[in-house]
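1. Here is my input; please provide its structure:
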Amino acid sequence: MPVSSPSATGQLRDVAAEEVVSTVAEPAARRSRVSGIDRALQILDHLYETGAPAGGYAIAKAIGAPLSTVYVVIDELVERDMLIRRADGLVWLGPRLYHYGLVYARSLDFLSEASHVMHELCRQVGETVQICGRDHEHMVVLAMADGPGHFRVMSEVGTRVPLNWTASGRLLVGHMAEAERLAIFRRSAKVSPTQRAELDAKTLSDQAAKAYDERVSIQMSETDFLVSCVASPIKDAAGACVATISIVLPEAKVVANPGFYTDAVRAASAKIEHNLGWANAPRA
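-> Prediction:
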């Protein structure tokens with residue numbers, strides 16, 4: 001990796017100095033400046049959230065930044081392998097981010113243990129199993145074990161969906177105070193592809209609390225038609241739901257034998273908590 005010159009490093013840090021927004025009609029209190037590191041994060045977040053390469057103009061428009069600033073920051077990120085520039089001129093996430101991710105993943109005892117139990121559960125029930133976490137107001141798939149059958153799940157590791165679309169999404173906020181749950185669902189609830197996902201914040205909040213207390217949440221056809229998800233919370237030592245383990249399978253199977261899947265997923269989440277020393281944690 002080439003060593004960056006002090007001027008290049010300073011360029012990224014100070015690149016947004018030009019972004020002072022002011023007009024004669026606006027008071028000085030409304031002036032604002034966005035730092036170079038914030039712009040870099042906005043660009044990376046945009047690519048991550050859209051899941052597709054993009055050009056400088058499209059990125060600038062999406063994040064509301066001056067085009068000249070975006071081009072400078074993109075050049076800096078490409079130089080440092082945080083982004084790559086493709087032959088068609090579009091930019092995408094670079095290899096340096098992948099290496100950071102690998103190191104981070106190796107440091108997570110939780111994810112290592114959860115993945116081990118995930119594969120055990122996959123073999124036990126013969127269905128796809130996922131470990132999911134919360135990314136602000138979205139649920140994100142952290143790990144996945146594909147079932148052995150012909151049924152295939154559309155979501156992959158890294159998939160992000162609104163919290164109200166999934167059984168896991170509700171569990172991930174179930175431990176929170178009611179006011180906090182309501183605020184999150186009021187901001188984040190979106191119409192799902194099947195239009196079956198609940199949108200009312202009070203209903204979602206009540207469902208989340210109930211699912212957390214019962215240690216199981218089930219959704220049917222809310223994200224994809226005829227697809228069901230049976231999830232259980234993984235609670236840390238403080239009783240917070242830090243992640244979920246879930247079985248994704250055809251809706252008809254859950255309808256035919258709900259007890260089998262709910263018992264299996266509850267046992268799996270309890271095993272993860274026990275193996276990590278969280279099993280005797282106080283329940284919120």
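2. by contact count, what packs against the host helix or strand of Gly259?
-> Gly259 is part of helix 258-275 when elements are defined by DSSP states H and E. For helix 258-275, the packing partners by 3 or more CB pairs under 8 Å, 6 or more residues apart in numbering; DSSP states H and E come out as helix 109-125, strand 227-235, strand 241-250. C-beta: built from backbone N, CA, C; applies to glycine.
3. right, so those: which one is the most enclosed?
-> Per-stretch averages of neighbours, counted by mean count of other CB atoms under 10 Å, single out strand 227-235 among the helices and strands packed on helix 258-275, with a mean of 27.
4. ok now that one, how far from the chain's centre?
-> For strand 227-235, the distance between its averaged C-alpha position and the chain's averaged C-alpha position is 15 Å (CA atoms, centre = their mean, to the nearest Å).
5. That one pairs with which strands, parallel or anti?
-> Within its sheet, strand 227-235 is paired with strand 217-220 (antiparallel), strand 241-250 (antiparallel), according to DSSP bridges.
6. confidence score at the nearest residue to Ala279 once chain neighbours are set aside?
-> If you skip the residues right next to it in sequence, Ala279 has Glu273 as its closest partner in space, 4.8 Å away by CB to CB, 6 or more residues apart in numbering. Among the per-residue scores, Glu273 shows a pLDDT of 93.
7. again with Gly239
-> Gly239 carries a pLDDT score of 91 in this model.
8. Is it within a helix or a strand, and which one?
-> Short version: Gly239 belongs to no helix or strand, going by DSSP H and E.
9. what sits against the nearest residue to Phe110 once chain neighbours are set aside?
-> The shortest distance from Phe110 to any non-neighbouring residue, by CB to CB, 6+ apart, is to Leu276 (6.3 Å). Each residue near Leu276 by CB atoms under 8 Å, 6 or more residues apart in numbering is listed here: 109-110, 113.
10. do the same with Ser246
-> For Ser246, the contacting residues are 129-130, 132, 166-168, 229-232, 265, by CB under 8 Å, 6+ apart.
11. Distance check, the residue nearest to Phe110 against His116.
-> 11 Å (CB to CB, to the nearest Å).
12. got it, and Lys210?
-> Between Lys210 and His116 the distance, using CB to CB, works out to 29 Å.
13. With Ala87 instead?
-> 41 Å.
14. try Asp224
-> On the measure of CB to CB, Asp224 and His116 end up 27 Å apart.
15. Repeat that for Pro193.
-> Using CB to CB, we find Pro193 at a distance of 32 Å from His116.
16. ditto for Arg86
-> According to CB to CB, Arg86 and His116 sit 37 Å apart.
17. With Gly36 instead?
-> Distance, Gly36 to His116, by CB to CB: 41 Å.
18. before we move on, what about Ile59?
-> Taking CB to CB, one finds Ile59 at 39 Å from His116.
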